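have a look at this prediction, sequence included:
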Amino acid sequence: MIVLGVDIGGSGIKGALVDTDKGELVSERIRIETPQPATPKAVAKTLKDLISKFDYHGPVGCGFPATVHHGVAFTAANIDKTWINTPAEKLFTETTGNDCYVLNDADAAGIAEIKFGAGRDVPGVVMMITIGTGLGSAIFINGQLFPNTELGHLILNDDIAEHYCSDSARQRHDLSWKKWGKRFNKYLHRLEFLFNPDLIILGGGASKSFEKFSEKIDVRTRVVTATTLNTAGIIGAAMHAADSMKAGLKPNLEAVEEAEKEDGE
């Protein structure tokens, strides 16, 4: 099945057509800058602009940087606060005219890695950690997703973990990869203590530099980098839309009372 997958981030909105049976991009990847401020209406309009570049009229899978429950965004750690309690599937579907299926962005990346990447056929508990502006997380138990884990918000060294050891924290504090690697290693030890995973997969921009900090990682759990790299979120989002369609599910077009407001109110 060919489905448009979109990865919505704090700095860029990226999309491509995906063969969901093979886990492969079948078009070029197009990126548009995320509008600032990234309010619901502004992001929805940008998504519509992105879809138009593909001349595409089918279902759309959207990875989104928030906890998403039944199509509604309930957090906004790295995106405009007006997203809290916004019915994202309703907004995107009505704005674009396409059926839009929305899920947490780290969950989307994890779905791709479990089906086609480093987590394929791995039994037990597999964790996907995306390292970027924040720290995204996804947990799979024998291949089944436990959705909307926000493990980047664990407390670590009297701080929120993603404020301490995300890639943006590395840049903000001008840390070398090895010094940052020590911080990130503490985070992995915390995850290992809490969840005892069988495999940890690293994704996001910083994962491409794994060899620069891998010597600082000493958890007993096997740690690998994602094989789908920067396309994981797009592929996983498309797979989520395809699976939802196959299950006969439609986007949630119900509003929530708190979301019936103008941006910025």
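It's in.

which residues of the stretch 101-250 of the chain fall in helices?
Assigned by DSSP state H, counting those that start in this stretch, the helices in the stretch 101-250 of the chain fall at 105-116, 161-165, 167-172, 177-195, 232-246.

off-centre distance for the fourth one?
Which is helix 177-195. 20 Å (Cα atoms, centre = their mean, to the nearest Å).

extract the C-alpha trace of that helix and format it as PDB.
Provided in PDB are the C-alpha atoms of helix 177-195 (Å, rounded to 0.1, in the frame of the first residue of the first chain):
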ATOM      1  CA  TRP A 177      30.500  14.200  22.100                       C
ATOM      2  CA  LYS A 178      32.400  12.300  24.800                       C
ATOM      3  CA  LYS A 179      31.300  14.600  27.700                       C
ATOM      4  CA  TRP A 180      27.800  14.500  26.400                       C
ATOM      5  CA  GLY A 181      28.100  10.700  26.100                       C
ATOM      6  CA  LYS A 182      28.700  10.500  29.800                       C
ATOM      7  CA  ARG A 183      25.400  12.300  30.400                       C
ATOM      8  CA  PHE A 184      23.500  10.200  28.000                       C
ATOM      9  CA  ASN A 185      25.000   7.100  29.600                       C
ATOM     10  CA  LYS A 186      23.500   8.100  32.900                       C
ATOM     11  CA  TYR A 187      20.100   8.300  31.200                       C
ATOM     12  CA  LEU A 188      20.500   4.800  29.700                       C
ATOM     13  CA  HIS A 189      21.400   3.400  33.100                       C
ATOM     14  CA  ARG A 190      18.200   5.000  34.500                       C
ATOM     15  CA  LEU A 191      16.100   3.400  31.800                       C
ATOM     16  CA  GLU A 192      17.800   0.000  32.300                       C
ATOM     17  CA  PHE A 193      17.100   0.200  36.000                       C
ATOM     18  CA  LEU A 194      13.400   0.900  35.500                       C
ATOM     19  CA  PHE A 195      12.600  -1.300  32.500                       C
END
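
list the helices and strands it packs on?
strand 125-131, strand 155-156, helix 161-165, helix 167-172 (3 or more Cβ pairs under 8 Å, 6 or more residues apart in numbering; DSSP states H and E). Quick note: C-beta positions are derived from backbone N, CA and C, even for glycine.

just to revisit the earlier point, Serialize the helices of the stretch 101-250 of the chain to TSV and add fields for distance to Lys81.
As requested, the helices of the stretch 101-250 of the chain are exported to TSV (distance: least, Cβ to Cβ, whole Å):
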stretch	distance to Lys81
helix 105-116	17
helix 161-165	17
helix 167-172	18
helix 177-195	25
helix 232-246	22
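
tell me which of these sits nearest to Gly134.
helix 161-165 (4.2 Å; Cβ to Cβ).

and the contacts of the closest one?
77, 134-135, 151-157, 169, 180, 183-184, 186-187, 190 (Cβ atoms under 8 Å, 6 or more residues apart in numbering).

most tightly packed of the helices of the stretch 101-250 of the chain?
Most buried of the helices of the stretch 101-250 of the chain by mean neighbour count (mean count of other Cβ atoms under 10 Å) is helix 105-116; its value is a mean of 28.
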